[in-house]
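*Asks:* Quick one, fold the following:
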Amino acid sequence: MTLPLAGLRVLDISQVMAGPFCCMLLADMGADVIKVEPPGTGDSTRQSMGFRLKGADSPGFLALNRNKRSIALDLKSEADRAVLYALVKTADILIENARPGVAKRLGMDYVTLKALNPRLIFASISGFGQTGPWSQRPGFDLIAQAVSGVLSANGLPGMEPAKNSIPVADLGAGLFTTYAVLSAVIGRQSSGQGQFVDASLFEAALALSVWETTELWGTGRTPEPIGSANRMSAPYQAVAASDGWFVIGAANQGLWMKLLKVLGREDLQADERFATNAARIANRLELIDAMAPTFASRPRQAWIDGLLEAGVPAAPILDYAQAVVSEQAVAREMVQMVAHPVEGAFKALGFPVKLSATPQQMRLPPPLLDQHGREIRQELVARGLLAPEAAGHPADAKAARPRIGFIGIGIMGEAMVRRLLDLGHSVTVWNLEPERLETVLPHGAVAAKSPAAVAAASDIVMLCVLHMEAVERCVLAPDGIAAASSAAKLVIDFSTADPEGTRRVAAKLKALTGAGWVDAPVSGGPQLARTGQMTVMAGGDAADFEAAKPLLAEMAGNVTLMGPVGAGQTTKVINQAIVGTGYVLMAEALMLAEAAGIDAARLPQCLAGGHADSSLLQRLYPQMQQRAFEPPSSYARQLLKDLKAVSAFAQGLGLDLGVIEQGVQRYKDYVALGHEMSDSAAVVKLYEHEAATRGKAQP
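*Replies:* Here you go, the predicted structure:
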């Protein structure tokens with residue numbers, strides 16, 4: 001049998017949690033959910049969280065977006081809005097979660113879209129709703145928990161405010177919106193008309209505060225934090241056994257009597273403070289104090305077994321690692337493996353409710369950005385809702401762009417290729433380790449068997465490899481770029497090769513094929529590469545640079561020609577030397593401040609506006625003081641090489657740059673100690689080692 005919501009189409013124009021969660025629940029029940037995302041970046045959750053599995057999308061995104069298709073649309077673009085409008089004509093439900101007013105500015109508010117599709121059910125999820133004095137405030141789960149009262153009643157009395165670690169406002173808003181839009185779908189069966197659904201995180205959190213508001217209005221007292229206890233029953237909370245905590249739930253008089261029998265504390269029956277549930281709630285602290293010695297006399301599992309045998313609810317307190325492998329979670333299939341084109345397979349929470357006749361399925365893995373864009377546009381063209389030339393990916397427009405070859409799919413290479421594909425370029429790729437290609441092939445890249453094959457299929461070849469040896473191998477080996485049957489016209493080299501070697505290889509390629517060369521080292525990490533905000537330091541002939549500049553400008557926010565071939569590499573080395581010596585000087589300053597008894601955390605504020613004030617100090621000093629800066633582990637050795645290169649460069653010009661020589665020696669020392677940490681953190685580690693050594697040497 002088909003799933004109950006099969007045939008419903010949902011447009012998910014939301015990000016982060018509340019909207020995507022709502023749309024995932026609808027997708028799990030069979031709805032065709034099309035996730036509309038900004039080009040380049042997609043749902044901001046794709047880049048969230050501090051860890052990754054194999055691909056670029058965060059586990060947070062993967063957890064909230066199964067069973068959906070993705071299309072990338074720039075809603076500020078007239079052409080892409082036309083695609084959205086065509087989709088709206090086919091949709092039953094639209095979910096968005098921008099701040100009130102944004103949808104109208106983008107031409108996708110309810111009034112506009114209702115004119116296209118009167119049956120559309122349009123749901124807006126915001127922090128505080130579309131009306132009221134707080135409607136324009138930014139809203140997040142933490143904010144909603146704070147102003148709804150949830151934060152004030154959570155945690156333990158007298159302690160700092162404790163947020164509910166589960167995002168109850170976000171998830172609550174998603175659940176309430178799901179219930180509302182499905183109710184509207186049922187109502188539409190008789191009215192024939194859609195309607196506007198106005199949901200908010202604030203109201204969701206407040207609506208879930210049923211017990212707390214009942215206590216407020218019933219007693220006139222503001223509810224206070226009560227830890228794990230319950231406002232309507234006692235004892236109903238965590239208690240301490242001899243070997244740790246567990247929970248009990250004696251929520252009525254019958255269970256209370258059974259609990260006393262298991263505890264052997266029938267004496268408490270005669271205590272008027274505990275005679276009724278109301279009395280026990282009023283005297284909760286005294287009740288727990290009276291029972292605590294008894295609970296502490298035996299291990300928790302002994303209590304749990306005895307209480308369950310007597311019919312009293314009791315349970316251990318499991319952490320998440322224990323909960324997801326518990327026999328109940330396994331029996332209810334609450335952890336499932338999801339197949340994914342990049343991740344291979346990953347674990348995800350299963351379906352929290354089960355339908356007997358139409359069980360939910362993992363029909364689609366979380367989509368890659370714009371994975372289904374072409375497919376969805378073709379569906380709209382087939383239905384006569386979109387002209388073929390407005391489909392967004394016309395073949396002739398793509399063919400008019402230069403064909404790109406890309407060699408070297410590391411972390412930066414992957415981000416750059418993803419950026420090029422988002423921009424509509426055709427990209428042919430090769431990497432020494434073929435498995436790395438799996439991070440870009442699902443997005444539309446085409447694999448080649450060798451650098452020569454890449455060059456033969458491309459107008460411009462990009463190199464994103466680390467060392468001079470790798471550059472030479474990719475260009476001059478028997479299967480290298482120079483051996484291509486129809487060589488590319490231009491090479492853009494993002495590598496960290498040395499300037500002299502770059503000039504030599506570029507000249508040889510020019511002599512063999514006539515291809516131009518631009519060395520274009522970049523500053524900025526994968527996220528900046530993904531969003532087109534890198535800085536490019538270029539070297540090359542003016543004509544080659546002009547040929548490369550339009551493409552580089554699509555990939556970077558700042559593109560500068562520094563000089564002839566090799567100048568880009570030299571600029572990169574100087575940049576690294578500035579950063580590297582800056583780290584050394586910051587470490588010196590940190591040690592000096594600490595030795596003098598200065599509060600180092602106040603230095604940037606104290607020096608602001610003076611000669612010592614600089615963006616380097618403002619950015620690095622707090623990181624070093626907190627020992628918090630940890631770039632990739634190989635960075636320190638690479639920085640040492642860069643410092644050596646700039647030192648040799650300076651010596652070749654007859655310059656004496658002592659501070660760089662000092663930096664080189666510092667990095668030599670800590671690398672010799674076997675440290676594989678990075679820049680500031682590694683230098684601080686070295687200084688701590690030296691300080692400890694000096695301390696041991698003192699008499």
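*Asks:* Next, the contact list for the residue sitting furthest away from the middle of the chain, please.
*Replies:* Most distant from the centre of the chain: Ala270, at 57.5 Å, with distances by Cα atoms, centre = their mean. If a contact means Cβ atoms under 8 Å, 6 or more residues apart in numbering, then Ala270 has no contacts. (Each C-beta comes from the backbone N, C-alpha and C, glycine too.)
*Asks:* So it versus Ala234, what's the distance?
*Replies:* 17 Å (Cβ to Cβ, to the nearest Å).
*Asks:* what's Ala302 sitting at in phi/psi?
*Replies:* phi -60, psi -40 (degrees, to the nearest 10).
*Asks:* separation between it and Ala542?
*Replies:* 83 Å.
*Asks:* Please enumerate the helices of the stretch 151-300 of the chain.
*Replies:* 168-191, 201-207, 210-219, 253-263, 277-282, 284-295, 300-310 (DSSP state H, counting those that start in this stretch).
*Asks:* Below-threshold pLDDT in the protein: ranges please.
*Replies:* Where the chain drops to pLDDT under 70, the residues are 1, 49-52, 54, 390-400, 487, 573, 576-699.
*Asks:* Could you dump the helices of the stretch 151-300 of the chain into TSV with mean neighbour count and distance to Leu368 added?
*Replies:* Listed next are the helices of the stretch 151-300 of the chain as TSV, based on neighbours: other Cβ atoms under 10 Å; distance: least, Cβ to Cβ, whole Å:
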stretch	mean neighbour count	distance to Leu368
helix 168-191	19	23
helix 201-207	23	28
helix 210-219	13	41
helix 253-263	17	52
helix 277-282	17	53
helix 284-295	16	52
helix 300-310	16	46
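*Asks:* Could you point out which of those helices sits nearest Val338?
*Replies:* If you check each of these against Val338 by Cβ to Cβ, helix 168-191 wins as the nearest, at 19.6 Å.
*Asks:* Any chance you could list what contacts the closest one?
*Replies:* 8, 16-22, 25-26, 92-93, 95, 119, 121, 123, 125, 141, 144-145, 148, 150, 194-195, 197, 199-205, 207-208.
*Asks:* So which of those residues belong to strands?
*Replies:* In strands, defined here by DSSP state E, the members of those are 93, 95, 121, 123, 125, 197, 199-200.
*Asks:* For the closest residue to Asn65 other than its chain neighbours, the count of nearby residues, please.
*Replies:* Excluding the flanking residues, the one nearest Asn65 by Cβ to Cβ, 6 or more residues apart in numbering is Pro366, at 4.1 Å. Neighbours of Pro366 under the rule other Cβ atoms under 10 Å: 27.
*Asks:* sorry, back to before: tell me the one of the ones in strands among the contacts of helix 168-191 nearest Arg436?
*Replies:* Nearest to Arg436 among the ones in strands among the contacts of helix 168-191 is Ile95, at 35.7 Å by Cβ to Cβ.
*Asks:* surely that closest one meets Ile125?
*Replies:* Yes. Contact criterion Cβ atoms under 8 Å: Ile95 and Ile125 qualify, at 6.9 Å.
*Asks:* Between the two, which contacts overlap?
*Replies:* Residues touching both Ile95 and Ile125 (Cβ under 8 Å, 6+ apart) are 14, 19, 22, 177.
*Asks:* Please, where are all the strands along the stretch 1-150 of the chain?
*Replies:* Ranges of strands in the stretch 1-150 of the chain, per DSSP state E, counting those that start in this stretch, are 9-13, 32-37, 68-72, 93-96, 121-126.
*Asks:* List the strands paired with the shortest one, with their directions.
*Replies:* In the sheet containing strand 93-96, its partner strands are strand 9-13 (parallel), strand 121-126 (parallel), by DSSP bridges.
*Asks:* Would you reformat the ones you listed as a markdown table and include mean neighbour count and distance to Leu437?
*Replies:* Below are the strands paired with strand 93-96 laid out as a markdown table (neighbours: other Cβ under 10 Å; distance: least, Cβ to Cβ, whole Å):
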| stretch | mean neighbour count | distance to Leu437 |
| --- | --- | --- |
| strand 9-13 | 23 | 29 |
| strand 121-126 | 26 | 38 |
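*Asks:* Could you dump those into a markdown table with distance to Asn67 added?
*Replies:* Below are the strands paired with strand 93-96 laid out as a markdown table (distance: least, Cβ to Cβ, whole Å):
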| stretch | distance to Asn67 |
| --- | --- |
| strand 9-13 | 11 |
| strand 121-126 | 18 |
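*Asks:* Sounds good, over and out.
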